[in-house]
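Q: Below are the sequence and a predicted model; questions follow.
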Amino acid sequence: MPKIVGSSLAEHRLRTRAALFSALARLMAERGFDAITLADIAAEAGVGRTAVYNHVPDKETLLLSFIEHETGQYAAAVRDALADVADPVEKLRVYVRRQADLKPVYHFAPGPDLRQLVSPEALHRLREHVVLVERLLRDILREGIATGALPEQDLDLVVQLVHGCLAARPAPAEGPERDRHLAVTEQFVLRAVGAAVETSGPAPQLERVS
């Protein structure tokens with residue numbers, strides 16, 4: 001019988017699950033999802049190979065659980081950040097900046113896009129997690145339209161366009177480059193959805209990528 005880590009079986013399962021998620025993220029960043037096995041993940045997490053099957057039947061199920069966890073954590077953090085913000089335009093600013101903290105689960109791994117590697121059923125579940133994040137933005141835009149802060153617009157298309165913009169170029173990890181990136185992106189998104197944007201000077205410039 002494997003050693004129990006923590007004060008209870010429930011805590012042991014949570015810790016093991018967290019270790020598997022961390023191992024999956026590290027290995028995906030190094031090799032890509034298609035180049036790793038469940039045994040690789042177990043070894044990286046320090047979990048017995050057979051014990052992994054007490055948690056997940058295969059690596060695709062582990063991936064979906066990981067994305068569900070990451071998306072849920074992100075959505076909760078955004079809701080907390082918005083809880084004390086009344087103005088819908090300011091909510092949109094907060095959302096844009098928080099979006100920069102969302103781990104690009106679908107794009108950060110080397111190799112083929114994850115959506116090319118999973119089953120149709122898994123692809124449908126991946127889409128459900130995207131919708132969870134999109135709903136936050138949709139609610140902000142809907143509130144902005146209702147209060148007159150934003151013009152009427154096609155939310156189905158606008159939400160996709162805004163997310164496409166935010167995902168197109170991930171923000172630098174830190175430093176002045178990150179601040180400049182977020183400032184320019186924020187102004188761009190606000191103007192794109194028709195919000196009144198006040199600036200005290202020219203927008204900071206981002207370096208061009210060849």
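A: Structure received.
Q: On the C-terminal side of the longest helix along the chain, identify the next helix or strand.
A: Ranked by residue count and defined by DSSP state H, the top helix of the chain is helix 120-147. Going down the chain from helix 120-147, the next helix or strand is helix 155-168, by DSSP states H and E.
Q: Report the buried residues of that following helix.
A: Going by neighbour count (16 or more other CB atoms under 10 Å), the buried part of helix 155-168 is 155, 158-159, 162, 166. Every C-beta, even on glycine, is put in place using the N, C-alpha and C of the backbone.
Q: ok, how many other residues are close to Ala183?
A: When neighbours are counted by other CB atoms under 10 Å, Ala183 registers 15.
Q: Can you point out the buried residues in stretch 23-38?
A: 23-25, 27-28, 32-33, 36, 38.
Q: helices and strands of this protein: which one has the lowest mean pLDDT?
A: Between all helices and strands in the chain, the lowest mean by mean pLDDT, DSSP states H and E belongs to helix 49-52, at a mean of 83.
Q: Show me where the chain has its helices.
A: Listed in chain order (using DSSP H), the helices of the chain are 9-31, 38-45, 49-52, 59-82, 88-99, 120-147, 155-168, 175-192.
Q: Enumerate every residue touching Ala195.
A: Taking CB atoms under 8 Å, 6 or more residues apart in numbering as the criterion, Ala195 is in contact with 89, 92, 144, 149-150.
Q: any idea how far Ala29 is from Arg191?
A: Shown here: Arg191 relative to Ala29, a distance of 34 Å by CB to CB, to the nearest Å.
Q: again but with Val89, I slipped
A: 35 Å.
Q: Please apply the same query to Cys165.
A: Cys165 sits 24 Å away from Ala29, taking CB to CB as the criterion.
Q: now swap in Ala18 and tell me
A: Distance check for Ala18 against Ala29: by CB to CB, it reads 17 Å.
Q: same question, Arg178
A: The spacing between Arg178 and Ala29, counted by CB to CB, is 19 Å.
Q: Which parts of stretch 139-159 count as buried, going by neighbours?
A: For stretch 139-159, burial by neighbour count (16+ other CB under 10 Å) applies to 139-141, 143-145, 149-150, 153, 155, 158-159.
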